[in-house]
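Asks: can't give you the sequence, but here's the structure:
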Ligand code: MF3
Ligand code: CO
């Protein structure tokens, strides 16, 4: 899991470096997949439930599951959520960041900061003896205090040999509820946050999930290991 997490993190880093004005999301997907394959890994999202890309690239109001497209060209002021899963030697690392393309307007910047902060609030609760609800609640409080909306229809998850394992890790809930966290568990904590509503819509492509009012949305995710001590983030790129 450590090696898979490292690969997923390096791949996400590469996506961020290449996410500049003028590039298409198809090209980003190709670059990331070529890298993962060059390191002996592969991209399990490809074909997952019929998903056509290797990874998900979601621009602006697109929250998750954006399909890589030659027609989707990034421009200055956009944001792009790159959700990258890498499999290595039978284990999965899953991570996401929303990157800025050049400068973004302040209301977008604040949304991104709140979503990333919520991820780290959640991770801080990912300790032995806590329950999943402690993570969920910490994320929810952080997002709602900042004035944004937690999307409830999609949630985080256990991750290991499969991309999606138990337990479910919602971004909302009550402290002290849900499955207990045990050392050795690996979970993907992934706040998905909308600017103006918890509602989402799925586009006609059957995949792309967008902010219900067409406003901005953000997504940050890490794969985290529960230990005897501090949570260990497996998807931090070590250089
Ligand atoms: N990476 C996403 C997650 O966190 C799943 C991608 S959906 C897929 O659960 F269809 F692209 F695989
Ligand atoms: Co995930």
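Replies: Okay, I see it. Quantities reported herein were computed from a predicted structural model and do not represent experimental measurements. Ligands and ions are numbered 1, 2, ... in the order given.

Asks: and the lengthiest helix in the chain, does that touch ligand 1?
Replies: Ranked by residue count, the top helix of the chain under DSSP state H comes out as helix 106-124. No - Helix 106-124 lies apart from ligand 1 when judged by C-beta under 6 Å from any ligand atom; the minimum separation is 12.6 Å. All C-beta atoms are positioned from the backbone trio N, CA, C, and that covers glycine.

Asks: touching ligand 2 at all, that helix?
Replies: No - judged by C-beta under 5 Å from the ion, helix 106-124 stays clear of ligand 2, getting no closer than 11.7 Å.

Asks: List the buried residues in that helix.
Replies: If you call a residue buried by 16 or more other C-beta atoms under 10 Å, then helix 106-124 has these buried ones: 108, 111-112, 114-123.

Asks: In terms of secondary structure, what does that helix contact?
Replies: Here helix 106-124 is seen to pack against strand 91-100, helix 132-145, strand 186-189, strand 192-194, strand 217-219, strand 222-225 when contacts are counted using 3 or more C-beta pairs under 8 Å, 6 or more residues apart in numbering; DSSP states H and E.

Asks: Now tell me what touches that helix from outside.
Replies: For helix 106-124, contacts defined as C-beta atoms under 8 Å, 6 or more residues apart in numbering pick out 79, 97-98, 100, 104, 135-136, 138-143, 146-148, 171, 189-191, 193, 195, 216-222, 224, 231, 233.

Asks: Would you map the strands across this protein?
Replies: The residue ranges that make up the strands of the chain, judged by DSSP state E, are 56-59, 62-64, 79-88, 91-100, 149-150, 156-158, 165-169, 186-189, 192-194, 200-202, 209-211, 217-219, 222-225, 232-233.

Asks: In CSV: those strands, plus mean neighbour count, distance to residue 17 and mean pLDDT.
Replies: Shown next, in CSV, are the strands of the chain (neighbours: other C-beta atoms under 10 Å; distance: least, C-beta to C-beta, whole Å; pLDDT from 0 to 100):
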stretch, mean neighbour count, distance to residue 17, mean pLDDT
strand 56-59, 26, 14, 99
strand 62-64, 25, 21, 99
strand 79-88, 26, 11, 99
strand 91-100, 25, 9, 98
strand 149-150, 22, 29, 98
strand 156-158, 22, 26, 98
strand 165-169, 18, 29, 98
strand 186-189, 27, 23, 99
strand 192-194, 29, 24, 99
strand 200-202, 15, 29, 98
strand 209-211, 23, 26, 99
strand 217-219, 28, 19, 99
strand 222-225, 26, 19, 98
strand 232-233, 18, 20, 98
